[in-house]
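Engineer: here you go, sequence then predicted model.
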Amino acid sequence: MAATASYPLKQLAELLGAELRGDPETIISGLATLQTAKPGQVAFLANPVYAKYLTDTQASAVIVHARQANDCPVSALVMDNPYLGYAKLSHLFDTAPKRSPGIDPTATVANCAQVASSAFVGPNAVISAHAVIGENVVIEAGVYVGDHAVVGDDSRIMANAVIYHEVMIGQRCVVHGGAVIGSDGFGFAPTGKGWSKIAQIGSVVLGNDIEIGANTTIDRGALDNTTIADGVIVDNLVQIAHNVQIGENTAIAGCSAIAGSTRIGKNCVIGGGCGISGHLEITDGVHLTGTTMVTSHIREPGLYSSGTSFGTNADWRKAVVRFWQLNDLAKRLKGLENNVRTYLSGNDR
Amino acid sequence: MAATASYPLKQLAELLGAELRGDPETIISGLATLQTAKPGQVAFLANPVYAKYLTDTQASAVIVHARQANDCPVSALVMDNPYLGYAKLSHLFDTAPKRSPGIDPTATVANCAQVASSAFVGPNAVISAHAVIGENVVIEAGVYVGDHAVVGDDSRIMANAVIYHEVMIGQRCVVHGGAVIGSDGFGFAPTGKGWSKIAQIGSVVLGNDIEIGANTTIDRGALDNTTIADGVIVDNLVQIAHNVQIGENTAIAGCSAIAGSTRIGKNCVIGGGCGISGHLEITDGVHLTGTTMVTSHIREPGLYSSGTSFGTNADWRKAVVRFWQLNDLAKRLKGLENNVRTYLSGNDR
Amino acid sequence: MAATASYPLKQLAELLGAELRGDPETIISGLATLQTAKPGQVAFLANPVYAKYLTDTQASAVIVHARQANDCPVSALVMDNPYLGYAKLSHLFDTAPKRSPGIDPTATVANCAQVASSAFVGPNAVISAHAVIGENVVIEAGVYVGDHAVVGDDSRIMANAVIYHEVMIGQRCVVHGGAVIGSDGFGFAPTGKGWSKIAQIGSVVLGNDIEIGANTTIDRGALDNTTIADGVIVDNLVQIAHNVQIGENTAIAGCSAIAGSTRIGKNCVIGGGCGISGHLEITDGVHLTGTTMVTSHIREPGLYSSGTSFGTNADWRKAVVRFWQLNDLAKRLKGLENNVRTYLSGNDR
């Protein structure tokens, strides 16, 4: 375990813009949950479900909303959004290695590439011809950056990720290990006897403040670019096909797949394992629960779902048999309704 | 952006075997859609949906079928299959870097490996003992080619892909970044207390003209080989398990998974996110819509589907509750039918 | 193809603790199925479905249960669990390259890393500061091992896998090519205007005897660790989110996804393509069939399923329309039942 930093409580309060109730000189050297925190650590109370753990916490301080501040048995950092406070403090205790500027001697950097002097390029990384690596960028070991690709200031590309030629990545982005950005879209013309590959001559353009998860794939466009707007966050093993467009601040959870040319709006939340067909428009503010299968446009914001949920295999087998009889069942119901109606009206006459 | 090539229109017509209507000396330096093309670019009209954009296109020429040639306001390249024409021209404007023969000094090539003198081996690539790299092959940076593996002529293995030992890849194949071919199949014998690993002593054999998407995984066989026939195209993040066999020209879209020992026929189209159980036979010409879950053999060609489609979460919650009541609902319907039938027949008497 | 080993049958019997019926000096140089085995190879009969192939097998010997030993036309290795016998013998015929101790000159090993003298570190692998590589460990080409990470004795990390900082991997584990362990969990606090990243300061701890498939991703914990217990086997392209806990000997098939903080018990079997929501508890001994979507706790062991199975697209379209009418259909059925009951009881009066 790397050495951890420590801070007086007053410094944390200042960083958070929080009201400090307690000893400002208390030294904090870690961050934990209410249940697991030890003396010297700060905890937080964001979800009311965990309020029950406040009384007995061993933390030296807790980030709380004013509502719970009086119930806090230890020092309190009082602020409106304790979860955001936790997010901010988390970076102080991050043990991820910090990189110093410089190019590892085992890296391969093309003569005609531009690498900012403040950038780090790790062992065996490859920076290809005409690529541009911005200020303070971190290119970890084994990363491949293709010809004419651009990585904007303060972005970090983690180990063994692959950035194909001409891909543009904005500022303050993180691309996790093994992600592949700019691979060929899945474009083939049927020849009658098989498939004729279509060169994918568009690229991928990522805006700023984007996170791309491990082993996620984003294909380059067929003619135009695949585009990901500012603030989008994408989890692991997500597939984003050619010419997809994703609007600002949309979040996409793991193992979801978005087929070609679909446009997703701003501020959407796509749950894990969703499948979205191609050539669709999903408006702003759409939320999909996990494993939703989207096969048509979504014009209205809101929460959408699909699937059968789950049950015991025995119950499921019976339900599935009936699912495939549903049209017949519905017709029989209709027929019975008609029979009964006819009979009753006949009897009424 | 890399410099782009340019061609007189007559050269493009010749390449396509298309009838040229217009100025043969017009210089074309790009390819775009009807809507976005600028002067100097060629567009194409394949899908009738886009015919409305023909009149106002700014393209200097359009690839069209004879049916629309008279409506084309600019030069026309007239041919029967404009989409195939587009596919062919796309390669002229591809800005993917071309590689020259040679082995990068940072590559590791075993003494007993064979690398054709026309092949390219990029930075930090590894060509292991007894591996064979064919003519004009491109092995991009960071690729691992295991012992005794073979990469056939004109194939390209993109950055950081992993080819395990003894894997055979045919000619003119493309394997995209991060794909892993030949990893161990998921084979374990239950011991009563846990799992005993079964060494996977088969391999993977890919035919010719195959494309494998980014971060796709294809496992080696347990005893026999996993085999992919000529002309198969596979998108990103697809899982192909041990001993799967896939027939010629079958297409598999992103995030689909095919479990062990399943055989898929020729000319199938597997939509995105499908799940196909193990030990199944899927005949030729089967099409699965996206996210179809296949749990039994498919003996007849045709289009198959599964899932519930999607709706608002409120509607879905109601429908799901009823799904699990379906067997009961069906029994109640049957009972009601019997009651009514009995009553009506009693009254008839 | 690498040279294969050969063994007298008596040596195989001894290794398996099997009763040998036949010539102990028969030389065996391979392993195959009953149907494909050739003279000089050993086959096995585990699944009764294949008993029909016993009579005509060309194998020189067959691993069989005592029940079938009399039907075996060739030498027999008689034991209670022939499938386990097959698993054990498979390793004798594994052609995966064996590695000798040593650090490839192209590898990058930090001065303050510890690498056991019996370990192998392949070309271009990176062993970062304070990392610990145990006895007989194999680190294949292009693998990245982050700061303070630990790889326990006898574990093997296959080509281009990525092990982030501080990740702990136990003994006798296998991590396949392209897998990423310890990438950031998908943790972000909503700011009202977008997302604020939460540093993921937990890690990933893998026990002993674990297998992780190709391109699988396991995220580090937000505060506490993500933990995988001894004997767990995970297939390719599986996503395990932050703070997930997986119990001993659980098996997870390809393309499944487990969302954050979910706890899965011991001896579970998760089929391929399953999606398990976050913050759930799945008890010991739960089996999920492929593509099951789990949205609530599972407190009882047993077999669970979801989905609609599949059918022709024509049938499916009709069934899906009815699925979304299910609540209405159920209400109409209820109404009809009431009508009929009222009428009949009225007539009875």
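Structural biologist: On my side now, so go ahead.
Engineer: what average pLDDT does stretch A:194-213 get?
Structural biologist: Averaging pLDDT along stretch A:194-213 yields 98.
Engineer: again, but for stretch A:81-92
Structural biologist: pLDDT averaged over stretch A:81-92 gives 97.
Engineer: name the residues of it that are buried.
Structural biologist: Neighbour counts over stretch A:81-92 (16 or more other C-beta atoms under 10 Å in any protein chain shown) mark A:Asn81, A:Pro82, A:Tyr83, A:Leu84, A:Gly85, A:Tyr86, A:Ala87, A:Lys88, A:Leu89, A:Ser90, A:Leu92 as buried. Using the backbone N, CA and C atoms, a C-beta is placed for each residue, glycine as well.
Engineer: measure the second one to chain B for me?
Structural biologist: With distances taken as C-beta to the nearest C-beta, to the nearest Å, A:Pro82 is found 28 Å from chain B.
Engineer: report the contact partners of that residue.
Structural biologist: Each residue near A:Pro82 by C-beta atoms under 8 Å, 6 or more residues apart in numbering or on different chains is listed here: A:Phe44, A:Leu45, A:Ala46, A:Ile63, A:Val64, A:His65.
Engineer: ok, the residue minimising distance to the centre of chain A to A:Gly170 distance?
Structural biologist: By C-alpha atoms, centre = their mean, chain A has its centre lying nearest to A:Val234, at 2.8 Å. Using C-beta to C-beta, to the nearest Å, one gets 14 Å for the distance from A:Val234 to A:Gly170.
Engineer: any shared contact partners between those two?
Structural biologist: With C-beta under 8 Å, 6+ apart as the test, A:Val234 and A:Gly170 both reach A:Ile210.
Engineer: distance check, A:Asp328 against C:Glu140.
Structural biologist: Counting by C-beta to C-beta - A:Asp328 and C:Glu140 are separated by 57 Å.
Engineer: these two: who's more crowded?
Structural biologist: Remark: of A:Asp328 and C:Glu140, C:Glu140 carries more neighbours, 28 against 14, as counted by other C-beta atoms under 10 Å in any protein chain shown.
Engineer: ok, the more buried one to C:Gly17 distance?
Structural biologist: 33 Å.
Engineer: cool, and A:Ile127?
Structural biologist: 57 Å.
Engineer: who's more crowded, those two?
Structural biologist: A:Ile127 (28 against 11).
Engineer: who's the more buried one bridged to?
Structural biologist: Beta-bridge pairing for A:Ile127 (DSSP bridges): A:Val109, A:Val145.
Engineer: for it, what are its contacts?
Structural biologist: The contact partners of A:Ile127, by C-beta under 8 Å, 6+ apart, come to A:Ala107, A:Thr108, A:Val109, A:Ala110, A:Ala113, A:Val115, A:Val121, A:Ile133, A:Ile139, A:Val145.
Engineer: how does it look with 6 Å?
Structural biologist: When contacts are counted by C-beta atoms under 6 Å, 6 or more residues apart in numbering or on different chains, A:Ile127 touches A:Val109, A:Ala113, A:Val145.
Engineer: quick one: name the residues of the stretch 1-150 of chain A near chain B.
Structural biologist: Residues of the stretch 1-150 of chain A lying close to chain B (C-beta under 6 Å from any C-beta of the partner chain) are A:Thr108, A:Asn124, A:Val126, A:Gly142, A:Tyr144, A:Asp147, A:His148.
Engineer: tell me how many other residues surround A:Glu300.
Structural biologist: As a burial measure, A:Glu300 scores 10 neighbours (other C-beta under 10 Å).
Engineer: element containing A:Tyr304?
Structural biologist: Secondary structure from DSSP states H and E places A:Tyr304 in strand A:302-306.
Engineer: buried sites along that strand?
Structural biologist: In strand A:302-306, counting by 16+ other C-beta under 10 Å, buried: A:Leu303, A:Tyr304, A:Ser305, A:Ser306.
Engineer: wait, A:Gly22 sits on A:Pro73?
Structural biologist: No - judged on C-beta atoms under 6 Å, A:Gly22 makes no contact with A:Pro73 at a distance of 10.4 Å.
Engineer: rounded mean pLDDT for stretch A:248-264, please.
Structural biologist: Per-residue pLDDT over stretch A:248-264 has a mean of 98.
Engineer: is that stretch up against chain B anywhere?
Structural biologist: Yes - using C-beta under 6 Å from any C-beta, stretch A:248-264 reaches chain B at A:Ala257, A:Ala259.
Engineer: before we move on, back to that, who does the residue nearest to the centre of chain A form a beta bridge with?
Structural biologist: A:Val234 forms beta bridges with A:Ile212, A:Ile252, as assigned by DSSP bridges.
Engineer: so who does it touch?
Structural biologist: A:Val234 neighbours (C-beta under 6 Å, 6+ apart): A:Ile212, A:Gly213, A:Thr216, A:Ile252.
Engineer: ditto for A:Val269
Structural biologist: Taking C-beta under 6 Å, 6+ apart as the criterion, A:Val269 is in contact with A:Ala251, A:His287.
Engineer: tell me how far it lies from chain B.
Structural biologist: For A:Val269, the distance to chain B - C-beta to the nearest C-beta - is 12 Å.
Engineer: again, but for A:Ala251
Structural biologist: Taken as C-beta to the nearest C-beta, the span from A:Ala251 to chain B is 17 Å.
Engineer: how many other residues sit next to that residue?
Structural biologist: 22.
Engineer: was I right about it contacting A:Gly231?
Structural biologist: No - assessed by C-beta under 6 Å, A:Ala251 is found out of contact with A:Gly231, at 9.4 Å.
Engineer: quick one: the host helix or strand of A:Leu329 near chain C?
Structural biologist: Element membership of A:Leu329 [criterion: DSSP H and E] is helix A:326-348. Yes - using C-beta under 6 Å from any C-beta, helix A:326-348 reaches chain C at A:Leu326, A:Asn327, A:Ala330, A:Glu337.
Engineer: and for stretch A:255-263?
Structural biologist: Yes - legend: contact between stretch A:255-263 and chain C by C-beta under 6 Å from any C-beta is shown at A:Cys255.
Engineer: next, the buried residues of that stretch.
Structural biologist: Using 16+ other C-beta under 10 Å as the test for burial, stretch A:255-263 gives A:Cys255, A:Ser256, A:Ala257, A:Ile258, A:Ala259, A:Gly260, A:Ser261, A:Thr262, A:Arg263.
Engineer: okay, the residues you listed in CSV with secondary structure and distance to C:Thr289 next?
Structural biologist: Formatted as CSV, the buried residues of stretch A:255-263 follow (DSSP: H, G, I helix; E, B strand; the rest coil; distance: C-beta to C-beta, whole Å):
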residue, secondary structure, distance to C:Thr289
A:Cys255, coil, 18
A:Ser256, coil, 22
A:Ala257, strand, 21
A:Ile258, strand, 26
A:Ala259, coil, 26
A:Gly260, coil, 30
A:Ser261, coil, 33
A:Thr262, coil, 30
A:Arg263, strand, 35
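Engineer: can you put those in TSV and add distance to B:Gly247?
Structural biologist: As requested, those are exported to TSV (distance: C-beta to C-beta, whole Å):
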residue	distance to B:Gly247
A:Cys255	27
A:Ser256	29
A:Ala257	24
A:Ile258	28
A:Ala259	23
A:Gly260	24
A:Ser261	28
A:Thr262	29
A:Arg263	35
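Engineer: burial of the nearest residue to A:Gly187 once chain neighbours are set aside, as a residue count?
Structural biologist: Nearest in space to A:Gly187, with sequence neighbours left out and distances taken as C-beta to C-beta, 6 or more residues apart in numbering or on different chains, is A:Ile198 at 3.9 Å. Neighbour count for A:Ile198, taken as other C-beta under 10 Å: 24.
Engineer: now do A:Asp94
Structural biologist: Counted with other C-beta under 10 Å, A:Asp94 comes out at 18.
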